[in-house]
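**Student:** following is a predicted model, sequence given first.
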Amino acid sequence: MNAAHDLVRDFAAMLDAQDAAPLPDWLERLTTSRLAPLASLAKAIREDQPAVEQGITTPFNSGVNEGCITDLKLQKRIMAGRASVPLLRHRVVLMAHLRRRHE
């Protein structure tokens, strides 16, 4: 647990500093941690490492868009086969309004 905790803290430090330079060494530590899920994570990150580096070094993210998409998918699943498109549209607009009020 201590090793996993240290690895997570080190990744958080990279995010806070917006510095991706330690990423290759951190990925190597993940691989050699003898924890299968962390080694699998390292493999997945290596497959798209340039995108991960961009994510660490830039202040931009798609969090707001992802939240809106999640809301839309939730409403679609709730209303599936139960109501018309106008009612679904009304619920989506209402969710967007409520989200803006609480941000």
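**Tutor:** Yep, it's here. All values reported here derive from a predicted model rather than from experimental measurement.

**Student:** can you list contacts of stretch 85-96?
**Tutor:** 68, 71, 72, 75, 76, 79 (Cβ atoms under 8 Å, 6 or more residues apart in numbering). For the C-beta atoms, the positions are set from N, CA and C on the backbone; glycine is no exception.

**Student:** from the chain's centroid, how far away is the helix or strand containing residue 78?
**Tutor:** Element membership for residue 78 (DSSP states H and E) is helix 63-79. Averaged C-alpha coordinates place helix 63-79 at 15 Å from its chain's average position (Cα atoms, centre = their mean, to the nearest Å).

**Student:** so the strand or helix carrying residue 91 versus helix 63-79, what angle?
**Tutor:** Using DSSP H and E, residue 91 falls within helix 85-101. For helix 85-101 and helix 63-79, the angle between their directions (axes from the mean of the first three to the mean of the last three Cα atoms, to 10 degrees) works out to 140 degrees.

**Student:** which stretches of the protein have low pLDDT?
**Tutor:** Per-residue confidence of the chain (counting by pLDDT under 70) places the weak regions at 102-103.

**Student:** switch to 80 and redo it
**Tutor:** Residue ranges of the chain with pLDDT under 80: 61-65, 68, 81-83, 99-103.
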